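# Prediction below, plus the sequence it came from.
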Amino acid sequence: MRQLRFAMVCASNQNRSMEAHAMLKKHGMNVSSFGVGAHVKLPGPSQKEPNVYKFGTPYKTIYDDLTAKDPELYTRNGLLQMLRRNMGVKLAPERYQENRDQFDVVVTFEERVMEQVLEDMSHRPQVSLQPVLVCNMDVKDNHEEAAHAATQTLKLCQMLEQGGEWEDCVDAVVAQFQQETGRRLTYTICYY
């Protein structure tokens, strides 16, 4: 059985994509994660004052910055715990549009993120014509929903990997996944 290459994608490569990345990595899957935003945005002291970082800023640097700003606030809202988890998975948030690796399956966690992935794929030159399955499951951007979706994402990825060539089984796998989890997926196929 061939091991598939998975990419988990959300807006800032902090919560939803990293929760799924951590879960799949823990289960020995070949996984990477990304964000699609122009920069990394995390909640700040108010909605009008988010914490903004460039992609590539190490999670440790972000952690240290938030700890210096207001350790009580960022402990209470779960950001410091999330960043500790992220530091254990990889060095820094990465931007999907800047990556040129090829994946078998890209999972997004918000419709607008899927749209940005598809937009980026449509502008890439098609060289190898290798198919990539792009799936979206809408997940609220909070710690609880991200954790719940990560277990469902693991299930989906395991089903795709066990199904043989995903191109032959994707419709059946998606139908079975939706029936078993109650979570609706949208998906399409793109080409590298």
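The structure has been received and is ready for your questions. Numbers count the residues shown, from 1 in each chain.
# contacts and neighbour counts: CA atoms only from here.
OK.
# How about A149, nearest residue that isn't a chain neighbour?
Nearest residue to A149 in three dimensions, chain neighbours excluded: V139, at 6.9 Å (Cα to Cα, 6 or more residues apart in numbering).
# So what does the one you found have for phi and psi?
Reported as degrees, to the nearest 10, the phi and psi values for V139 are phi -130, psi 130.
# which residues touch it?
Neighbouring residues of V139 by Cα atoms under 8 Å, 6 or more residues apart in numbering: R16, F109, E110, E145, A146, A149.
# Spell out for me the ChimeraX command that would select the buried members of the residues you listed.
Burial among these is assessed by 16 or more other Cα atoms under 10 Å; the matching ChimeraX selection reads:
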select :16,109,110,146,149
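# In helices, which of the contacts of V139 fall?
Within the contacts of V139, residues falling in helices by DSSP state H are R16, E145, A146, A149.
# Next, format the residues you listed as TSV and append distance to A68 and pLDDT.
Output for the ones in helices among the contacts of V139, formatted as TSV (distance: Cα to Cα, whole Å; pLDDT from 0 to 100):
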residue	distance to A68	pLDDT
R16	25	98
E145	28	98
A146	26	98
A149	31	98
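# quick one, strands of this protein?
In the chain, the strands defined using DSSP state E lie at 5-10, 30-35, 40-42, 51-53, 105-108, 131-136, 186-191.
# quick one: which of those is nearest K60?
Among the strands of the chain, strand 51-53 comes nearest to K60, with 12.3 Å by Cα to Cα.
# what is the rounded mean pLDDT of that closest one?
Averaged across strand 51-53, pLDDT comes to 98.
# Please list the outside residues in contact with it.
With contacts defined as Cα under 8 Å, 6+ apart, strand 51-53 is touched by H39, V40, K41, L42, P43, G44, I62.
# One more: stretch 152-170?
M1, R2, Q3, L4, F6, A20, M23, L24, V173, V174, F177, T181.
# out of these, who has the most neighbours?
A20 (28 neighbours; other Cα atoms under 10 Å).
# residues near the closest residue to that one other than its chain neighbours, how many?
Spatial nearest neighbour of A20, excluding adjacent residues (Cα to Cα, 6+ apart): A150 at 4.3 Å. Neighbour count for A150, taken as other Cα under 10 Å: 23.
# Next: Y187.
17.
# How about the one 5 residues further on?
By the criterion of other Cα under 10 Å, Y192 has 17 neighbours.
# Make residue 1 into 43 and carry on from there
Let's use 43 as the start, then, which means that last one is Y234.
# For Q172, see how far away it is.
5 Å (Cα to Cα, to the nearest Å).
# swap in A80?
With Cα to Cα as the criterion, A80 and Q172 are 27 Å apart.
# Ok, R118 next?
45 Å.
# quick one: low-confidence parts of this structure?
Applying pLDDT under 70 to the chain flags the ranges 43.
# And the helices in this structure?
Assigned by DSSP H, the helices in the chain fall at 58-68, 101-111, 113-118, 121-129, 153-165, 185-204, 208-223.
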